[in-house]
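**Q** Turn this into a structure:
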Amino acid sequence: MKKDLSDKEIVDLIHSDEKKMVDKAFYYLYSRDYQSIRKFINSNSGTDDCSQEVFQETLIIFFVKVQKGLYKLEGSVGGYLFSIARNLWLKELQKRRLSIFTSIDDGQDYFEEENILVSHKKLKKVLKLLGVSCKRILEDFYFLKQTIAELTEKHGLGSEAAMKNKKYRCLKGLIELVNKNKLERSDFSEND
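**A** Purely as a prediction, here's the structure:
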């Protein structure tokens, strides 16, 4: 049966500089903390592979902070690891959100989400084709930088999950319209 390690014992093992001791700390942290991080990531658009990568990166960050003396035993190690993993995952989701590619039937990628949303006159014309509701949701989210919670309340949807789905469908519709009309990035330049 494994002995529970205190947070101080974990930090001491990592400070030891002995590979065997560091490994012991990491094995213990994996057995104790990985499942909660995996559950968080999997319930937020992730996979087990994503969870493993994030957890490994979390352990590396924790190791470096302990070795450099930057980690203070002010809170629990488990809570600290969870906050690192959470921040890493949220950054990854933000990166993914900014680089979604959508293909049309022939497989040609015309636009990334971020490039569609950087626009002026022609984009506004395409937005009008989406309909009032989608136009307002996308403008509020991308141009006015409103959060999903704010959008949920403003547009009267029952939950944030429903709003995320609606925003996704609106964005997908916008991308399809842009691709259907074979618009190019130059069509969205400021020179119009």
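
**Q** can you give me the helices in this protein?
**A** Assigned by DSSP state H, the chain shows helices spanning 7-15, 19-42, 48-67, 77-97, 113-116, 121-130, 132-138, 148-155, 160-180.

**Q** Flag the shaky bits of the chain, pLDDT-wise.
**A** 1-2, 96-125, 181-192 (pLDDT under 70).

**Q** Can you name the residues that contact the residue most central in space within it?
**A** The residue lying closest to the centre of the chain (C-alpha atoms, centre = their mean) is residue 93, at 1.5 Å. Going by C-beta atoms under 8 Å, 6 or more residues apart in numbering, residue 93 touches 44, 45. In this view, the C-beta of every residue, glycine as well, is placed from N, C-alpha and C.

**Q** roughly how far apart are it and residue 142?
**A** 16 Å (C-beta to C-beta, to the nearest Å).

**Q** And residue 135, by the same measure?
**A** Distance of residue 135 to residue 142, computed by C-beta to C-beta: 11 Å.

**Q** same thing with residue 38?
**A** 31 Å.

**Q** Those two: which is more packed in?
**A** residue 38 (19 against 16; other C-beta atoms under 10 Å).

**Q** mind listing what the nearest residue to that one once chain neighbours are set aside touches?
**A** Among residues not flanking residue 38 along the chain, residue 51 sits closest, at 4.0 Å (C-beta to C-beta, 6 or more residues apart in numbering). Neighbour list for residue 51: 34, 37, 38, 41, 42 [criterion: C-beta under 8 Å, 6+ apart].

**Q** Run through the residues that contact the closest residue to residue 139 other than its chain neighbours.
**A** Excluding the flanking residues, the one nearest residue 139 by C-beta to C-beta, 6+ apart is residue 127, at 7.1 Å. Residues in contact with residue 127 (C-beta under 8 Å, 6+ apart) are 134, 135, 138, 139, 174.

**Q** From those residues, list just the buried residues.
**A** Buried members of the contacts of residue 127, scored by 16 or more other C-beta atoms under 10 Å, are 134, 135, 138, 174.

**Q** Of those, which is the nearest to residue 3?
**A** Nearest to residue 3 among those, counting by C-beta to C-beta, is residue 138 at 54.4 Å.
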